[in-house]
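S.K.: When you get a sec, could you give me coordinates for this:
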Amino acid sequence: MKHLESRASPAIRRRAKELRQQMTPAEKALWERLRNRQLSGLKFRRQCPIGPYIADFYCAQFRLVIEVDGGVHVAQAKADEQRSQGLADYGYRVLRVRNEEILSDLESVLCRILAACPTGE
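M.R.: So this is what the prediction gives:
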């Protein structure tokens, strides 16, 4: 199975860096709980290049991509589905969460993330 983490173009890596500096309030809130292995010791990266994609959050140990969806994602549902399928074709699992879920019930989102990890509690 191919690993795409190291195959991102320089342009994708530059864009990921820009996105890390422009995180949405929901992304910031989630990152505050994922960073520094706070969630059951799991290591997450934010705005992580994976091939032609940039994952909002990524746990390499479980090949889990977490995508944070805002209002714009309603209009691009088909593109999001294709993106998720593209990542799945390479063995990545994609968990999509909405901004509103993070901002209103972060604990529930964290439980869903743990449930998506084979050894998650």
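S.K.: All the strands of the chain, residue numbers only.
M.R.: Listed in chain order, the strands of the chain (DSSP state E) span residues 45-50, 53-59, 64-69, 93-98.
S.K.: pLDDT weak spots in the protein?
M.R.: 1-6, 71-75, 119-121 (pLDDT under 70).
S.K.: now the helices: where do they sit in it?
M.R.: For the chain, helices defined by DSSP state H occupy the ranges 10-21, 25-34, 72-75, 77-89, 99-104, 106-115.
S.K.: Adding distance to residue 24 and mean neighbour count, write the strands of the chain out as TSV.
M.R.: Bear in mind the C-beta positions are built from the backbone N, C-alpha and C, glycine included. Formatted as TSV, the entries for those read as follows, by distance: least, C-beta to C-beta, whole Å; neighbours: other C-beta atoms under 10 Å:
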stretch	distance to residue 24	mean neighbour count
strand 45-50	11	21
strand 53-59	9	23
strand 64-69	7	21
strand 93-98	11	18
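S.K.: For those strands, could you give me a markdown table that also reports distance to residue 22?
M.R.: Rendered in a markdown table, the data for those read as follows (distance: least, C-beta to C-beta, whole Å):
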| stretch | distance to residue 22 |
| --- | --- |
| strand 45-50 | 9 |
| strand 53-59 | 12 |
| strand 64-69 | 13 |
| strand 93-98 | 19 |
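S.K.: Nearest to residue 33, out of the ones you listed?
M.R.: strand 53-59 (10.5 Å; C-beta to C-beta).
S.K.: From the contact counts, what lies against the closest one?
M.R.: With contacts defined as 3 or more C-beta pairs under 8 Å, 6 or more residues apart in numbering; DSSP states H and E, the secondary structure elements packing on strand 53-59 are helix 10-21, helix 25-34, strand 45-50, strand 64-69, helix 77-89.
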